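> The sequence isn't on hand, but the structure is:
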């Protein structure tokens, strides 16, 4: 595609604005020497890169059709592979032409392709299925990945080329990035021994510790200038609502409570109680670092599907990638230090046999986090207090308001349940909250006991 380009320096990237018969295309590009093929240690397993949900609704290079997409999902993409080959050949140097494109993965909002070049080198393309997704969401994810790569040793894919225009010649907004070795953690978790799961927890703790060292004075998401700008969260439409950046945790939380007459009075009448309860509690926490600046970088979906590990017959799994940084943000330390959902105790016969192991893993996660910081240090105390202070008020607020994808009736029921839990008759920060636990999963939840009694503070503590 030919046209007239003007280069604008934006946060370390070059934005090329191209006028063509297809229309104006905003094109962000990182024209660096691409890395070689991803090489795993000899004898390692998990060479299949970034697998996840089964492929659906798209074709491989040979035209093989994957299983059909579900009717409640966004439609499968009809990408122009020839256009994609042309643009990646032009934008990624050192490997010859792009000669083959295969489907690798499909999620609710994205499809992933493997791009192979003449010399055998491969990378991946991540393509947006959701046509109404605002480009700022994609820009923020790219800027976040760039920042994490530059300021930590967390394995994050290198970005080679991006195009945020949904109407481009390829057929969807996309990011071309490094192909990371490994398998998504959730695909191998059940087959791991307790010893190897402990090794996984140690590596996850290291990621959390590194993220805690990234400090910001406001709550919000990265923009392309590498600055904290408005919050990117799918629960707050870009057209309405306050998205910051925010100076306080109170302003941040209350931005999720809509100031609108579009909801029934039975729901809006509950909002004053919620606002008052949050204001009342945070007024008492003005000096607590868990709720106040500096804020820390929080992954938007820190779960097993976004953690890549390789396995080997000769040792424990090795973390090789943290992926999918969409909706990541700078936020309160309270929300950074959290147990991954896959080691929480879930009520039900199926999961109950895992509870003893889950407790070991939770304790290992937090004890490893403690040891990431010097003894008696404020940072170490923050770890201990973050898990000790987990409360229904803030954990249930997140699940009720920050991930709103329910129908109207379920939405109303969730908000009513949450309001009953914070109306003053049930206290927070107690060991047992009469069924209103921070995690809302296991009935009769109580904090794990303290196995080490460090920092001169013995007794009960959450997973220390």
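Done, it's in. Being a predicted model, the structure only gives us computed values, none of them experimental.
> This protein: helices as residue ranges?
Listed in chain order, the helices of the chain (DSSP state H) span 81-91, 135-151, 185-188, 194-212, 249-254, 265-268, 271-283, 333-336, 355-371, 378-388, 392-397, 408-421.
> Take those helices and lay them out in a markdown table including mean neighbour count.
In this view, the C-beta of every residue, glycine as well, is placed from N, C-alpha and C. Shown next, in a markdown table, are the helices of the chain (neighbours: other Cβ atoms under 10 Å):
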| stretch | mean neighbour count |
| --- | --- |
| helix 81-91 | 18 |
| helix 135-151 | 20 |
| helix 185-188 | 18 |
| helix 194-212 | 19 |
| helix 249-254 | 20 |
| helix 265-268 | 12 |
| helix 271-283 | 15 |
| helix 333-336 | 23 |
| helix 355-371 | 19 |
| helix 378-388 | 19 |
| helix 392-397 | 22 |
| helix 408-421 | 15 |
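> Please convert the ones you listed to a markdown table, extending it with mean pLDDT and distance to residue 105.
Below are those laid out as a markdown table (pLDDT from 0 to 100; distance: least, Cβ to Cβ, whole Å):
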| stretch | mean pLDDT | distance to residue 105 |
| --- | --- | --- |
| helix 81-91 | 98 | 16 |
| helix 135-151 | 96 | 16 |
| helix 185-188 | 98 | 11 |
| helix 194-212 | 99 | 21 |
| helix 249-254 | 97 | 32 |
| helix 265-268 | 88 | 38 |
| helix 271-283 | 96 | 38 |
| helix 333-336 | 98 | 27 |
| helix 355-371 | 96 | 27 |
| helix 378-388 | 96 | 33 |
| helix 392-397 | 93 | 30 |
| helix 408-421 | 87 | 29 |
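> And for residue 99, the neighbour number?
Using other Cβ atoms under 10 Å, residue 99 has 15 other residues around it.
> ok now do it, which residues does it touch?
Residues near residue 99 by Cβ atoms under 8 Å, 6 or more residues apart in numbering: 85, 116-118.
> where does the stretch 201-350 of the chain dip in pLDDT?
236-241, 348-349 (pLDDT under 70).
> go on, the stretch 1-150 of the chain?
In the predicted model of the stretch 1-150 of the chain, residues 1-73 satisfy pLDDT under 70.
> what ranges do the strands span in the stretch 51-200 of the chain?
Using DSSP state E, counting those that start in this stretch, the strands of the stretch 51-200 of the chain run over 98-106, 110-117, 122-128, 159-163, 174-178, 183-184.
> Out of those strands, which gets nearest to residue 366?
Among the strands of the stretch 51-200 of the chain, the nearest to residue 366 by Cβ to Cβ is strand 183-184 (23.8 Å).
> returning to that earlier point: I'd like the helices of the chain as a markdown table, with distance to residue 100 appended.
Shown next, in a markdown table, are the helices of the chain (distance: least, Cβ to Cβ, whole Å):
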| stretch | distance to residue 100 |
| --- | --- |
| helix 81-91 | 9 |
| helix 135-151 | 25 |
| helix 185-188 | 25 |
| helix 194-212 | 33 |
| helix 249-254 | 45 |
| helix 265-268 | 52 |
| helix 271-283 | 53 |
| helix 333-336 | 40 |
| helix 355-371 | 41 |
| helix 378-388 | 47 |
| helix 392-397 | 46 |
| helix 408-421 | 44 |
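> for these, which one sits closest to residue 234?
Closest to residue 234 of those, according to Cβ to Cβ: helix 135-151, at 7.9 Å.
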